[in-house]
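**Q** build the 3D model from these lines:
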Amino acid sequence: MSITMVYDLETIPDVVGGGRLLDLTEHSASEVAKALAERRLLQTQGASSFLPHHLHQIVAISVVVATSEWVKVWSLGDLNAKESEIIFRFFEGVQRYTPNLVSWNGTGFDLPVLHYRSLLHGVVASRYWETGDQDAGFKWNNYLGRYHHRHTDLMEVLAGYQSRAYAPMDEIALMLGLPGKMGMHGSEVWERYQAEDLQSIRDYCETDVLNTYVIYLRFQYIRGHIDEARLKFEEDRLKAYLLGTEKPHLLTFLKAWEKGP
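**A** Numbering: from 1, shown residues only. Below you'll find the predicted structure:
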């Protein structure tokens, strides 16, 4: 059975690792985060305070999983799940089901962050790292190969792997009549996390991954992997699922989607 797993993650500054790096282990989380941002601004000559991949801590991973029989969206672990558990659950899904992974900028951001945090927590993921040594089928199609299809980074593929053509997911979603980002923006995650509002972060991440999944369906259509009838079926199936969840953020997404541009 073919399984597609579209994923997205939300991060905050790694104030523990950053505290060690800057010798600020006795300072508050806010102070360390501020120091990291200031350091990054110096490194980029004021261009950006966005931290490098190894200084991000994962606080949410949301997925849309689709099979021939069902589709579902959820966030891995519960509200109290530690980062190590969230990462373990992600790679456990890869290990057990070998899904086709789909992302928006996963190659450029999500996967490198997952790599560094897996290294930190010692999360074993042999299936994910396979490149043909144990399974010959992975030699020419694995999760790590940029031009392979076990992992499809929609941002890269649609841009023809040209960085000058990269586009924000939100803008592509809106262009296609999808809701786009809802409830918040990625830059607000740290603030919401400090306010102990992890639920809104997870809700936001789930709507992001829903946008990405529908974009992926449209991509599958233009590349000839599904026809117009199948595209409509898949979108209608997703809408029916969202309606049945009775979850406010998913119903809001559905309402905005059905309203259209």
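**Q** please make it C-alpha for all contacts and neighbour counts, starting now.
**A** Noted.
**Q** quick one: pLDDT of the closest residue to Glu228 other than its chain neighbours?
**A** Nearest residue to Glu228 in three dimensions, chain neighbours excluded: Tyr221, at 7.0 Å (Cα to Cα, 6 or more residues apart in numbering). On the pLDDT scale, Tyr221 is placed at 98.
**Q** all helices for the stretch 101-250 of the chain, in order.
**A** For the stretch 101-250 of the chain, the helices defined by DSSP state H, counting those that start in this stretch cover 111-121, 126-129, 154-158, 169-175, 189-194, 198-222, 228-245, 248-259.
**Q** contacts made by the longest one with the rest, please.
**A** Spelled out, it's helix 198-222. Applying Cα atoms under 8 Å, 6 or more residues apart in numbering, the external contacts of helix 198-222 come out as 6-10, 60-64, 73-75, 79, 102-104, 154, 169, 173, 178-184, 189, 192-193, 226-228, 231, 234-235, 249-250, 253.
**Q** in PyMOL, select just the buried ones from those.
**A** Burial among those is assessed by 16 or more other Cα atoms under 10 Å; the matching PyMOL selection reads:
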select buried, resi 6+7+8+9+10+60+61+62+63+64+73+74+75+102+103+104+154+169+173+178+179+180+181+182+189+192+193+226+231+234+249+250+253
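**Q** any weak-confidence spans in the stretch 1-150 of the chain?
**A** 1 (pLDDT under 70).
**Q** strands along that one, start to end?
**A** For the stretch 1-150 of the chain, applying DSSP state E, counting those that start in this stretch gives strands covering 4-13, 56-66, 71-75, 100-103.
**Q** just send these back as CSV, with distance to Gly46 too.
**A** CSV is the format used below for the strands of the stretch 1-150 of the chain (distance: least, Cα to Cα, whole Å):
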stretch, distance to Gly46
strand 4-13, 18
strand 56-66, 20
strand 71-75, 35
strand 100-103, 29
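**Q** and of those strands, who's closest to Thr245?
**A** Across those, Thr245 has its closest neighbour in strand 71-75 (9.6 Å, Cα to Cα).
**Q** so what's the residue nearest to Phe88 when sequence neighbours are not counted up against?
**A** Spatial nearest neighbour of Phe88, chain neighbours left out: Val123 (6.1 Å); criterion: Cα to Cα, 6+ apart. By Cα under 8 Å, 6+ apart, the contact list for Val123 reads Ser84, Ile87, Phe88.
**Q** surely the first one is in contact with His121?
**A** Yes: under the contact definition of Cα atoms under 8 Å, Ser84 touches His121, with a separation of 5.9 Å.
**Q** these two: who's more crowded?
**A** Neighbours of Ser84 and His121, each counted by other Cα atoms under 10 Å, are more numerous for Ser84; the result is 16 against 13.
**Q** list the contacts for the more buried one?
**A** Arg117, Ser118, His121, Val123.
**Q** so how far is Arg96 from it?
**A** 18 Å (Cα to Cα, to the nearest Å).
**Q** with Glu26 instead?
**A** As judged by Cα to Cα, Glu26 and Arg96 stand 41 Å apart.
**Q** go on, Phe109?
**A** 24 Å.
**Q** how many residues are close by Val209?
**A** Residues near Val209, counting by other Cα under 10 Å: 28.
**Q** quick one: it from Trp104, how far?
**A** Going from Val209 to Trp104 by Cα to Cα gives 9 Å.
**Q** please apply the same query to Glu228.
**A** As judged by Cα to Cα, Glu228 and Trp104 stand 23 Å apart.
**Q** now do Leu254
**A** Distance from Leu254 to Trp104, by Cα to Cα: 20 Å.
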